[in-house]
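Colleague: what shape does this take:
(one chain, ligands or ions: 1)
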Amino acid sequence: MEMREQWRSRWGFVLAAAGSAVGLGNLWGFAYRSSQGGGLAFLLLYVLVVLLVCLPVLVAEMVLGRTTKSSPFLAPIKIAGSSWTPLGILFTIASIGILSFYAVIMGWTADSFVHSLFIGLPADMEAASGFFNRISTGNSVFVGQIFSLGLTALIVSAGVRAGIERLTRWCMPLLFILLLALTFWSATLPGAWDGYKTFLLNWDPSQLLEKTTIKNAFNQAFFSLSLGIGIMVAYSSYLDGNNQLPKSALRIASFDTAVGLLAGMITFPIVLSYGLQGAISKSTVGALFIALPTGFANLGGLGRVFATLFFGLAFIAAITSSISLLEVPVSSLMDRLGWKREKAVWTSTLVVFLIGIPSAISINFLGTMDAIFNLILMLGGLFIAILLGWIVPKRFDEDLSRSNSEIKVRRYLRFMLRWVSPPAIAIGLYASLTDFFL
Ligand code: TRP
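Modeller: Predicted coordinates for the structure are as follows:
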């Protein structure tokens, strides 16, 4: 076996993990989920889920990767025996499934970027709908999907340091600065305050018990943090023993939540200022591809610059996420079958492409895939909490104490993993399942 690679620096790991977390889920997902009516109740639930449920699971995933130094497929088996094989299988299937439709949305994003840069923006909503129809149907979808997958595969095949770490070290800070600039600009729009009020700040306590709002909060938290399917297992398996995982997890989660909020604060003023509520009240990701370009178009030449920046940056964020999804099957194939990285990359990519064809053809199918895999994320998270909290709690504690995490922190995390995360995730699953089927 080849030597296992390692991250070059501590920040390399944190930025790569943050790169995985920050993606289309923040830029499109946060805006469309919070526009489904939850308002402040959604925001509150989302932040609570991140802090109380997801953070402990995030640390658990990291510990699982670091103590076993194995791929997501083998890590559960190594730590708890072969009866945990199904969890590794779940991780691998889920990563492939998510990447299959994620790449389609990346393709739309790339298309919007190219369009804003070279051709221009649609003049009104009708033109924008026509444009979205064109980029989301027919051959151009495949072009975008193949381009996105190809680029992802190239980076992953370069390896952890030369590919993943090098890319994310530059892109994450850049992304954040651009987002901040766009947020300031958006705040100066005439409808800015109305935008925040309508979508983010409306307070209706009964929404706290609304199934759709609960589902949205859980889905947004899990999806956006890349949680529940072994991404952090894969990335943490390339860590040495010194990293204080709880600190890193907190940094990653804060950054991720901040980016989601900023994206919302960019989107909502645009939507309200240009009367585009109709476009996003349908609440699909696609609607944002109609609303945002129309909004930017109202600004003339400057709008085109902003649109180009926004879509370009969304695509960069997406790439740093898609590479983490591909890393799961790739590292598992290398680990389990002893394949070389290259072979594992191109085989996985081909499978992802084939599974993604129905999503490329039908937006409805894509939506169903999204709903199903959001359920699987929670299921995976539940099993991770049970595994590290109940089956091998000692390993969890030992790993953290070896890297000098304080006993208070360890106790707190273990308590949350045992008593809070599992029942809370069960509630999230229940809300999602009933929302899905009823
Ligand atoms: N978190 C990324 C986003 O917000 C997407 C993503 C990457 C993801 N890896 C994941 C989602 C693993 C779920 C599971 O866009």
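Colleague: in the stretch 151-300 of the chain, what residue is nearest the ligand?
Modeller: Closest contact between the stretch 151-300 of the chain and the ligand, by CB to the nearest ligand atom, is at Ser226 (3.5 Å). C-beta here means a position set from N, CA and C on the backbone, and glycine is covered the same way.
Colleague: what sits against the residue in the stretch 51-200 of the chain that the ligand sits nearest to?
Modeller: Proximity of the stretch 51-200 of the chain to the ligand (CB to the nearest ligand atom) peaks at Ile98, 5.4 Å away. By CB atoms under 8 Å, 6 or more residues apart in numbering, the contact set of Ile98 is Ile229, Leu325, Phe373.
Colleague: among those residues, who's most crowded?
Modeller: Ile229 (30 neighbours; other CB atoms under 10 Å).
Colleague: isn't that residue right up against Phe383?
Modeller: No: the criterion here is CB atoms under 8 Å, and Ile229 misses it with Phe383 at 10.4 Å.
Colleague: between those two, which contacts overlap?
Modeller: Leu90.
Colleague: tell me which element the residue of the stretch 51-200 of the chain closest to the ligand falls in.
Modeller: Assigned by DSSP states H and E, Ile98 belongs to helix 85-114.
Colleague: what comes up buried for that helix?
Modeller: The neighbour-count check on helix 85-114 (16 or more other CB atoms under 10 Å) flags 87-88, 90-114 as buried.
Colleague: mind listing what the residue nearest the centre of the chain touches?
Modeller: Residue closest to the mean C-alpha point of the chain, counted by CA atoms, centre = their mean, is Ser224 at 3.6 Å. Residues in contact with Ser224 (CB under 8 Å, 6+ apart) are Ala21, Val22, Gly23, Gly25, Asn26, Gly29, Phe30, Asp256, Thr257, Gly260.
Colleague: low-scoring stretches of this structure, by residue?
Modeller: Residues of the chain that meet the criterion pLDDT under 70 lie in 1-3, 280-284.
Colleague: Ile119 - how many residues pack around it?
Modeller: So Ile119, with other CB under 10 Å, has 10 neighbours.
Colleague: residues in contact with the nearest residue to Ile229 once chain neighbours are set aside?
Modeller: Among residues not flanking Ile229 along the chain, Ala94 sits closest, at 4.1 Å (CB to CB, 6 or more residues apart in numbering). Ala94 sits next to Gly228, Ile229, Phe373, Ile376, Leu377, Gly380 when contact means CB under 8 Å, 6+ apart.
Colleague: ok, the longest helix seen in the chain near the ligand or not?
Modeller: Longest helix in the chain, counting residues (DSSP state H): helix 301-337. Yes: under the criterion of CB under 6 Å from any ligand atom, the ligand is reached by helix 301-337 at Ser321, Ser324, Leu325.
Colleague: and if you look at stretch 8-20?
Modeller: Yes: for stretch 8-20 and the ligand, the contact criterion (CB under 6 Å from any ligand atom) is met by Ser20.
Colleague: that older thread, on the three-state scheme, the residue of the stretch 151-300 of the chain closest to the ligand is what?
Modeller: Under DSSP: H, G, I helix; E, B strand; the rest coil, Ser226 falls in the coil class.
Colleague: so the closest residue in space to it that isn't next to it in sequence is in which element?
Modeller: Nearest non-adjacent residue to Ser226, counting by CB to CB, 6+ apart: Ser20, 4.6 Å away. Element membership for Ser20 (DSSP H and E) is helix 10-21.
Colleague: which residues does that helix contact?
Modeller: Residues external to helix 10-21 that are found in contact with it (CB under 8 Å, 6+ apart): 7, 161, 164-165, 167-169, 171-172, 224-226, 231-232, 235-236, 238-239, 242-243, 248, 251-253, 255-256, 317, 320-321, 323-325.
Colleague: now for Asp240: which residues touch it?
Modeller: By CB under 8 Å, 6+ apart, the contact set of Asp240 is Gln6.
Colleague: measure it to Asp111 for me?
Modeller: Using CB to CB, to the nearest Å, Asp240 is found at 41 Å from Asp111.
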